[in-house]
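*Asks:* Pasting the sequence and the predicted model now:
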Amino acid sequence: MKKSLKIKFIFGLLLLGVVLILVLGRLTSLLVKDAMMEQYSYSSGALTQSIADHLDGDKINFYIKNYREDDYYKYTRDYLVDLKKSFDLQYLYIYVPGENEFTYIWDASYMDYDTKILGYKEKYSTGGKKMTEDILENGATGKLYEISSSQYGRSVSSACPIYDSKDRVAGIVVADLSTKKLELTNRVITIFITGIIAFIMIVSIIIYYLFIKKSVIKPIKKLTTETKDLVTNIEAGNLFKSDIKTGDEIEELSNSFEQMGNELREYIEENTLITAEKERIGAELDMAASIQANQLPSIFPPFPDRDEFDIYASMNPAKEVGGDFYDFFFVDKEHFTILIADVSGKGIPASLFMMISKSLIKNLLQSGETPGKALEKVNNQLLEGNKDGLFVTVWMALIDLYTGKCTVVNAGHEHPVVCRKGGKYELIKYRHSPAVSTFEGMKFKEHDFQLEHGDSVFVYTDGVPEAVNADLKMYGTDRLVEVLNKNIDADVKETISAVTEDIDKFVNGEEQFDDTTMLCFKYR
């Protein structure tokens, strides 16, 4: 069961939204937790340090020997109780460390004056002894410690030593904050922030969907309807007019169909005046050549504001039109694609097959597909209804203009010729994939290729090495490499002109039966 583009797009947006919300929610939780821990570390460290500075260590030595309360003891207890309430702490206490247990001096959790805490001994809880040893060895570190006890639960603790007049550790003051409280606060803040993010994302997705629906889905549906009526309009002699104005490849494809439909309509009208079969075939081939030529970039330099590279290409049709084509375009600001291809067969079918292949490849690459994956999808799409068994050989490179890294796919095409800076042109041979539209479900192997500044790449169709002279000798790749090296310092346009002139000199006016298409790219 086929799913419409609209359903696929909605599902994709929903899936993307859910993933982003989950990721952002988790990230928010971690950031909030870090911020809370940093804040608590600062405030609790300052609190315990302030208490340690405030208390008299000699008094603690007195209490641990006599276990007798006095006015200073009671004043300090009230002082700690007030601090515990003010800072909303779980526990605030002062103890004297021992080997395996410690002795309480004050504990602000016991506000009842009748409850005697002075001298009460207790074994260290999990993490407590390590904290004590760290404080005794290093003093006030500003670190937070995780303390766990079956009796008191889990907490995050900050501790500071209290010194006596002989600069010895008389006791340790500890401020505990419940991890449950931290987790609850973190959860509330995270849910609130994630909710805001989710709301913004949902609104953004809805707005983006409405935009895509208007600028992509509706134009595609309209173009589908128009192309279904293409043959009917041509037979009726009606002018095929498409009013799709999206300013992107959809409009370009629509204009191509409009041009194709109107040119085919004109061809049918002209064909009624042609009586000879030879003239009809000639008009058909001329029409196909015109359609094909209009699909190829012809303005050079094509991107005058980009100085990372030079590029030039040409396509010289033979008397019998084939399906050669080239193309180059930006995938994004950093990545640039060059490709050259040759469709099997002759005439209008090959020309139409060329136009469809070119549009499919460009649309898939600009939608984010890799070269291999793009050809895989194009292969399966072209095989649908391909009763004539047409196929297309393709050489394609996706170039990172910042790094020079290339991803190259060769689907049954001629091997490229590469010139490294300071070196000579050489034919680069490697095992390539079969041509596109030959077998369903076929994978296309990608090759990594590194361009350095000053390197050049020259690609061509089989019409170049297979050009023949009167003695039926082929031009060949050896002669091609030789003429390239003779013009190694030429710019891209001069390079192609030199090869064209050498081919013309070689064939010496002999009629050719295939197009000669070439593209030269120099990485600057």
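*Replies:* The structure has been received and is ready for your questions.
*Asks:* those helices in the chain, which residues are they?
*Replies:* For the chain, applying DSSP state H gives helices covering 5-54, 57-66, 71-86, 128-138, 179-212, 218-228, 230-236, 249-271, 277-294, 347-366, 371-383, 476-486, 492-507.
*Asks:* can you redo the ones you listed as CSV with mean pLDDT, mean neighbour count and distance to Asp310?
*Replies:* Any C-beta I mention is one placed from the backbone N, CA and C, and that applies to glycine too. Output for those, formatted as CSV (pLDDT from 0 to 100; neighbours: other C-beta atoms under 10 Å; distance: least, C-beta to C-beta, whole Å):
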stretch, mean pLDDT, mean neighbour count, distance to Asp310
helix 5-54, 70, 15, 38
helix 57-66, 90, 17, 80
helix 71-86, 89, 15, 73
helix 128-138, 87, 16, 65
helix 179-212, 75, 14, 36
helix 218-228, 70, 15, 35
helix 230-236, 64, 13, 39
helix 249-271, 69, 17, 24
helix 277-294, 68, 16, 23
helix 347-366, 88, 21, 21
helix 371-383, 95, 21, 22
helix 476-486, 97, 16, 15
helix 492-507, 96, 17, 5
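*Asks:* Of those, which is nearest Gly422?
*Replies:* helix 476-486 (12.8 Å; C-beta to C-beta).
*Asks:* What is the closest one packed up against?
*Replies:* strand 417-419, strand 425-427, helix 492-507 (3 or more C-beta pairs under 8 Å, 6 or more residues apart in numbering; DSSP states H and E).
*Asks:* returning to what we had before: which among the helices of the chain is found nearest to Pro304?
*Replies:* Taking C-beta to C-beta, helix 492-507 is the member of the helices of the chain nearest to Pro304, at 14.1 Å.
*Asks:* Outside of the closest one itself, which residues are in contact with it?
*Replies:* Residues outside helix 492-507 that contact it (C-beta atoms under 8 Å, 6 or more residues apart in numbering): 300, 310-314, 316, 456, 458, 464, 467-469, 475, 479-480, 483-484, 486-487, 490, 516, 518-522.
*Asks:* of those, buried ones?
*Replies:* Among these, those scoring as buried are 310-314, 456, 458, 464, 467-468, 475, 479-480, 483-484, 487, 516, 518-522 (criterion: 16 or more other C-beta atoms under 10 Å).
*Asks:* Give me the subset of these that lies in strands.
*Replies:* Using DSSP state E, the subset of these located in strands is 310-314, 456, 458, 516, 518-522.
*Asks:* Make a markdown table out of the helices of the chain and add distance to Leu92.
*Replies:* Shown next, in a markdown table, are the helices of the chain (distance: least, C-beta to C-beta, whole Å):
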| stretch | distance to Leu92 |
| --- | --- |
| helix 5-54 | 8 |
| helix 57-66 | 16 |
| helix 71-86 | 4 |
| helix 128-138 | 15 |
| helix 179-212 | 14 |
| helix 218-228 | 67 |
| helix 230-236 | 84 |
| helix 249-271 | 68 |
| helix 277-294 | 83 |
| helix 347-366 | 64 |
| helix 371-383 | 62 |
| helix 476-486 | 84 |
| helix 492-507 | 78 |
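*Asks:* Tell me which of those helices lies nearest to Ser165.
*Replies:* Nearest of the helices of the chain (C-beta to C-beta): helix 57-66, 5.3 Å.
*Asks:* low-confidence ranges in the stretch 301-450 of the chain?
*Replies:* 319-322 (pLDDT under 70).
*Asks:* Let's see that with 90 instead.
*Replies:* For the stretch 301-450 of the chain, the stretches with pLDDT under 90 are 316-324, 344-355, 384-389, 430-431.
*Asks:* now stretch 371-378: how far from the chain's centre is it?
*Replies:* The gap between where stretch 371-378 is centred and where its chain is centred comes out at 17 Å by C-alpha atoms, centre = their mean, to the nearest Å.
*Asks:* I misspoke; the intended subject was stretch 65-84.
*Replies:* In terms of C-alpha atoms, centre = their mean, the centre of stretch 65-84 is found 63 Å from the chain centre.
*Asks:* hmm, who's touching that stretch?
*Replies:* Contacts to stretch 65-84, defined as C-beta under 8 Å, 6+ apart, come from residues 47, 51, 54-56, 59, 63, 89, 91-94, 106, 108-109, 111, 113, 118-119.
*Asks:* Quick one: the helices and strands packed on helix 476-486 as CSV, columns for distance to Ile348 too.
*Replies:* As requested, those are exported to CSV (distance: least, C-beta to C-beta, whole Å):
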stretch, distance to Ile348
strand 417-419, 32
strand 425-427, 34
helix 492-507, 26
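*Asks:* Which stretch among those approaches Leu352 most closely?
*Replies:* The nearest among the helices and strands packed on helix 476-486, by C-beta to C-beta, is helix 492-507 at 26.8 Å.
*Asks:* Convert that closest one to CSV, retaining C-alpha atoms only.
*Replies:* Presented in CSV, the C-alpha positions along helix 492-507 are these (Å, rounded to 0.1, in the frame of the first residue of the first chain):
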residue,chain,number,x,y,z
VAL,A,492,39.1,24.8,-17.5
LYS,A,493,37.5,26.3,-20.6
GLU,A,494,40.8,26.3,-22.5
THR,A,495,41.3,22.6,-21.5
ILE,A,496,38.0,21.5,-23.0
SER,A,497,38.6,23.6,-26.1
ALA,A,498,42.0,22.0,-26.6
VAL,A,499,40.4,18.5,-26.3
THR,A,500,37.6,19.4,-28.7
GLU,A,501,40.1,20.8,-31.3
ASP,A,502,42.2,17.7,-31.0
ILE,A,503,39.2,15.4,-31.5
ASP,A,504,38.1,17.4,-34.6
LYS,A,505,41.6,17.2,-36.0
PHE,A,506,41.7,13.5,-35.4
VAL,A,507,38.3,12.6,-37.0
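*Asks:* That one to helix 476-486, inter-axis angle?
*Replies:* Angle of helix 492-507 versus helix 476-486, following axes from the mean of the first three to the mean of the last three C-alpha atoms, to 10 degrees, is 130 degrees.
*Asks:* got the angle between helix 492-507 and strand 516-523?
*Replies:* 150 degrees.
*Asks:* chain center to helix 492-507: distance?
*Replies:* Offset of helix 492-507 from its chain centre (C-alpha atoms, centre = their mean): 41 Å.
*Asks:* Could you do stretch 327-343 as well?
*Replies:* On C-alpha atoms, centre = their mean, the centre of stretch 327-343 falls 18 Å from that of its chain.
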